[in-house]
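Colleague: Got a sequence here, can you model it:
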Amino acid sequence: MENNVRRRIGLSVLFTEDEIPAREMIARMLKREVRTLYLAENGQKGLELFLKHSPDIVITDIRMPVMDGLEMAEKIKSINKQTPIIVTTAHDDSDFFLKSIEIGVDRYLLKPVDVFRLGTALREMERTIGIARDLKEKTALLEEYRRAVDESNIVCKTDVQGTIIYVNDEFCKVSGYSKKELLGRNHEMILHEKVQENLIKDLRSTILSKRVWKGILEYRKKNGNSYFADITIVPILGVHEEIMEFIYIGHDVTELIDLTTWLKQLSSTDNLTQIYNRRAFNDLLAAELLRAQRYKTQLSLIMFDIDHFKRINDTFGHMTGDEVLKSLVRIVKGSIRSVDVFARWGGEEFMILAPETDEEATYGVAERLRREVEKHCFDTVGHLTASFGVATFRGEDQADILVKRVDDALYRAKEGGRNRVEVG
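Modeller: Okay, here's the model as predicted:
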């Protein structure tokens, strides 16, 4: 008779979750699947269990009392960087992704957790951990391991002067150069010109001191584009401790660098209009206020929104409303300076930060924008109007005071009949 019993995962797992129903549901599944299960209701308890039992895998929620999941994960990674960590979360904001990347979280699952996907992830990690243990315990596989590294990583060797004497196929694939084009060239000649001289000096000093150098280098491809590689440079010593050559081993991290850049941009950009969001605007306003206070310069705000915007959504639908907002942004961007900060404040409300601009000049900008909006014929909805508030920095104004004054000015413009500019 065929045996259909599912094999247990031969690993120990720490599961940290403060919500009792979620913890009990996942715990029932894990008890069936894994060899040993440790449960904790917050990050502090989870860290204590990790220090006591050294589990193979950690699964954790993010938002918990006492210590949250990312803080616990960061502490665990500082103890053992190799411990796989799975984060479960109901949140998908960019701050979470950036922090997760910085910590080195291995995988995340959105709540409610799909137990099948969790089981699949655990089995994949079981295989990964098993491979790592085999590589560590069986020194007879060293040569096979070297070949695996050579096939899946960028590998390059140079002589003491930095002349390339060996590159593997992966190096050629990533860079676009052939082996013939690379051999005999100095390694520094294929670095991107944007690489800072002090970084190159640090690299040289480290490896010539017979120490290992680790870091991310930006290279130039044959086609002129750049790529990033996480590189480890190891000096190879002779029998008399003299440097014989250097071996460079690394992997292409361009996608990770691009993702991190994209996430940072995402955290400061409004998704619909592709201008600054409120969070980014507040950061920039705080910086400009400090500058204005220090150097006694002018600074003004313009706050505006489309009159009767709710009617547009109710009559034509939210997709049309979105197109109106995007058209409005194009009008405004074409009428303000490059030094002005333009942001979506929320809904149909927008904000402009005008550095080194007094009240009279800012009023003129707002009035010009009001006329531009009024004369524009928007697709589907036709002509619209907008109301504007203006406020100028006064001596020791804090950000919240200045924002309240411009918000009050916009309110008066609405109360005064709309399609007008008021000063706060």
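
Colleague: drop to CA atoms for contacts and neighbour counts, all remaining ones
Modeller: Noted.

Colleague: longest helix in the chain, by residue count?
Modeller: Longest helix in the chain, counting residues (DSSP state H): helix 115-137.

Colleague: Quick check: mean pLDDT of it?
Modeller: For helix 115-137, mean pLDDT rounds to 81.

Colleague: other SSEs contacting it?
Modeller: strand 9-16, helix 20-33 (3 or more CA pairs under 8 Å, 6 or more residues apart in numbering; DSSP states H and E).

Colleague: Show me the one of the ones you listed that comes nearest Ile76.
Modeller: strand 9-16 (11.5 Å; CA to CA).

Colleague: Would you mind measuring the gap between the ends of stretch 183-195?
Modeller: End-to-end distance for stretch 183-195: 22 Å, by CA to CA, to the nearest Å.

Colleague: what is the rounded mean pLDDT of that stretch?
Modeller: Here the average pLDDT along stretch 183-195 is 87.

Colleague: Contacts for that stretch, please.
Modeller: Outside of stretch 183-195, the residues within contact range by CA atoms under 8 Å, 6 or more residues apart in numbering are 158, 161-167, 217-221, 226.

Colleague: which SS state does Phe304 fall under?
Modeller: Look at Phe304: counting by DSSP: H, G, I helix; E, B strand; the rest coil, its state is strand.

Colleague: does Leu217 have beta-bridge partners, and which?
Modeller: In this entry, Leu217 is beta-bridged to Ala229, by DSSP bridges.

Colleague: how about low-confidence regions in the chain?
Modeller: When residues are selected by pLDDT under 70, those of the chain lie in 1-6, 91-95, 135-146, 148-150, 259-266.

Colleague: Determine which two of the contacts of stretch 183-195 are furthest apart.
Modeller: Pairwise distances across the contacts of stretch 183-195 peak at 24.2 Å for Gln161 and Ser226 (criterion: CA to CA).

Colleague: Which one of those two is surrounded by more residues?
Modeller: Just comparing Gln161 and Ser226: by other CA atoms under 10 Å the higher neighbour count belongs to Ser226, 16 against 10.

Colleague: still on that earlier bit, could you pick out the buried ones from the contacts of stretch 183-195?
Modeller: 158, 162-167, 217-221, 226 (16 or more other CA atoms under 10 Å).

Colleague: Tell me how many other residues surround His383.
Modeller: A count of nearby residues for His383, using other CA under 10 Å, gives 12.

Colleague: how near is it to Glu102?
Modeller: The value you get for His383 to Glu102, if CA to CA is used, is 48 Å.

Colleague: re the thing from before, tell me which residues of the longest helix of the chain come out buried.
Modeller: Buried positions in helix 115-137, judged by neighbour count with 16+ other CA under 10 Å: Leu118, Gly119, Ala121, Leu122, Arg123, Met125, Glu126, Ile129.

Colleague: before we move on, what about stretch 64-80?
Modeller: Applying 16+ other CA under 10 Å to stretch 64-80 flags Met64, Met67, Asp68, Gly69, Leu70, Glu71, Met72, Ala73, Glu74, Ile76, Lys77 as buried.

Colleague: in the stretch 301-424 of the chain, which spans are helices?
Modeller: Remark: helices assigned in the stretch 301-424 of the chain by DSSP state H, counting those that start in this stretch are 309-316, 318-333, 359-375, 399-415.

Colleague: what would the ones you listed look like in a markdown table with distance to Leu49?
Modeller: As requested, the helices of the stretch 301-424 of the chain are exported to a markdown table (distance: least, CA to CA, whole Å):
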| stretch | distance to Leu49 |
| --- | --- |
| helix 309-316 | 53 |
| helix 318-333 | 50 |
| helix 359-375 | 60 |
| helix 399-415 | 45 |
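
Colleague: Out of those, which one sits most buried?
Modeller: Ranked by mean neighbour count under mean count of other CA atoms under 10 Å, those are led by helix 399-415, which reaches a mean of 19.

Colleague: which other residues reach that one?
Modeller: 285-286, 289, 301-304, 307, 387-393, 419-424.

Colleague: So Ile247 belongs to a strand, correct?
Modeller: Yes. The assignment for Ile247 by three-state DSSP puts it in a strand.

Colleague: What is the burial count for the residue nearest to it when sequence neighbours are not counted?
Modeller: Distances taken as CA to CA, 6 or more residues apart in numbering put Lys157 closest to Ile247, at 4.4 Å, once the chain neighbours are dropped. For Lys157, the count of nearby residues is 23 (other CA under 10 Å).

Colleague: start the count at 205, not 1, going forward
Modeller: Noted, 205 is the first residue going forward, which turns the last one into Lys361.

Colleague: wait, is Lys361 part of a helix?
Modeller: No. Assessed with three-state DSSP, Lys361 is strand; it does not lie in a helix.

Colleague: thinking it is in contact with Ile369, fair?
Modeller: Yes. In terms of CA atoms under 8 Å, Lys361 counts as a neighbour of Ile369; the distance is 5.6 Å.

Colleague: could you measure Tyr499 against Ser542, distance?
Modeller: 21 Å.

Colleague: and if you look at Ile335?
Modeller: Counting by CA to CA - Ile335 and Ser542 are separated by 54 Å.

Colleague: Which residues are in contact with the residue nearest to His522 when sequence neighbours are not counted?
Modeller: Counting by CA to CA, 6+ apart, His522 lies nearest to Ile516, which is 7.8 Å off, once chain neighbours are set aside. When the contact criterion is CA under 8 Å, 6+ apart, the partners of Ile516 are His522, Thr524, Gly525, Val585.

Colleague: please redo it, this time with the cut-off set to 10 Å
Modeller: Ile510, His522, Met523, Thr524, Gly525, Asp526, Val528, Thr584, Val585, Leu588 (CA atoms under 10 Å, 6 or more residues apart in numbering).

Colleague: Looks like the last one contacts His512 (just checking).
Modeller: Yes. Using CA atoms under 10 Å as the test, Leu588 is close enough to His512 to be in contact (8.8 Å).

Colleague: So between the two, which is more surrounded?
Modeller: Set Leu588 next to His512 and count neighbours by other CA under 10 Å: Leu588 wins out with 18 against 14.

Colleague: Skipping adjacent residues, who's closest to Phe513 in space?
Modeller: Using CA to CA, 6+ apart and skipping residues adjacent in sequence, the residue nearest Phe513 is Glu552, 7.2 Å away.

Colleague: next one: Asn390
Modeller: For Asn390, ignoring the flanking residues on the chain, the nearest one in space by CA to CA, 6+ apart is Thr367 at 4.3 Å.
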